[in-house]
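Colleague: Quick check, what structure comes out for this input:
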Amino acid sequence: MDGAQSADERGTALDSQTRLLLAVRDRRDRAAFAALFAFYAPRLKAMLLRGGAGDALAEDVVQDTMLTVWRKAAQFDPARATASAWIYRIARNRQIDIFRRETRPLPDDAGREEQEKDAFASVALAEQVHRLRAALRQLPAEQRAVLESAYLDGLSHGDIARAKGLPLGTVKSRIRLAMGRLRRLLENSAKP
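Modeller: Numbers count the residues shown, from 1 in each chain. Okay, here's the model as predicted:
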């Protein structure tokens, strides 16, 4: 055997949202899209609200994100990202696009100072995201996988255990170890 997995073998390892997105991509399956929408809409809205978006903006971004998911499903590649990572990235990009479109320069100096503060905050956030991604790449694959399932896919520890065929204690232990290691990696990367 050459070590290559068949499509069926890879399919069994995929999470349910990725399988739904593949059904949308491959067959334009409306029921699969409805299930994706029902799963992601409240999660995306919550993420956007936590990120400072107002209720109306969060709703607009969710609608636009899911429309983009439908239109661009053919571009989804499960070898490059999980469905959750792909969809959350679209949402974040849409939020940034809308923010840029709605941001207008203010005529007075106070407005300019506020824009400078926002620019510094954006740079700081981008730096934090970069540090987090770099730290995630340093985690062992099994720890990174359970973290992504818990925090990106929104799965409970029990759901992760069932999906990955692991004991619940192993899942909890991997998440705890991953969080501890992430904390140390981020603390070390913040030191000058």
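
Colleague: mind giving me the domain split of the protein?
Modeller: Per automatic domain parsing, the structural domains of the chain span 13-103, 121-192.

Colleague: Point out the most buried one among those domains.
Modeller: When the domains of the chain are scored by mean count of other C-beta atoms under 10 Å, the highest mean neighbour count falls to domain 13-103 (a mean of 16). In this view, the C-beta of every residue, glycine as well, is placed from N, C-alpha and C.

Colleague: that older thread, I'd like the domains of the chain as a markdown table, with mean pLDDT appended.
Modeller: Formatted as a markdown table, those follow (pLDDT from 0 to 100):
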| stretch | mean pLDDT |
| --- | --- |
| domain 13-103 | 88 |
| domain 121-192 | 84 |
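
Colleague: Name the helix or strand for the closest residue to Trp70 other than its chain neighbours, please.
Modeller: Excluding the flanking residues, the one nearest Trp70 by C-beta to C-beta, 6 or more residues apart in numbering is Phe33, at 5.9 Å. Here Phe33 is covered by helix 30-50, with elements defined by DSSP states H and E.

Colleague: got the CA positions of that helix in PDB?
Modeller: The C-alpha trace of helix 30-50 is given here as PDB (Å, rounded to 0.1, in the frame of the first residue of the first chain):
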ATOM      1  CA  ARG A  30     -29.600  23.200  -0.300                       C
ATOM      2  CA  ALA A  31     -30.400  21.100   2.700                       C
ATOM      3  CA  ALA A  32     -26.700  20.900   3.600                       C
ATOM      4  CA  PHE A  33     -26.500  24.700   3.200                       C
ATOM      5  CA  ALA A  34     -29.500  25.200   5.400                       C
ATOM      6  CA  ALA A  35     -27.800  23.000   8.100                       C
ATOM      7  CA  LEU A  36     -24.600  25.000   7.700                       C
ATOM      8  CA  PHE A  37     -26.500  28.200   8.100                       C
ATOM      9  CA  ALA A  38     -28.400  27.000  11.200                       C
ATOM     10  CA  PHE A  39     -25.100  25.900  12.800                       C
ATOM     11  CA  TYR A  40     -22.900  28.900  11.900                       C
ATOM     12  CA  ALA A  41     -25.200  31.900  11.900                       C
ATOM     13  CA  PRO A  42     -25.600  32.200  15.700                       C
ATOM     14  CA  ARG A  43     -21.900  31.400  16.200                       C
ATOM     15  CA  LEU A  44     -20.700  33.900  13.700                       C
ATOM     16  CA  LYS A  45     -23.000  36.600  15.100                       C
ATOM     17  CA  ALA A  46     -21.700  35.900  18.700                       C
ATOM     18  CA  MET A  47     -18.100  36.100  17.400                       C
ATOM     19  CA  LEU A  48     -18.900  39.400  15.700                       C
ATOM     20  CA  LEU A  49     -20.700  40.900  18.700                       C
ATOM     21  CA  ARG A  50     -17.800  39.900  20.900                       C
END
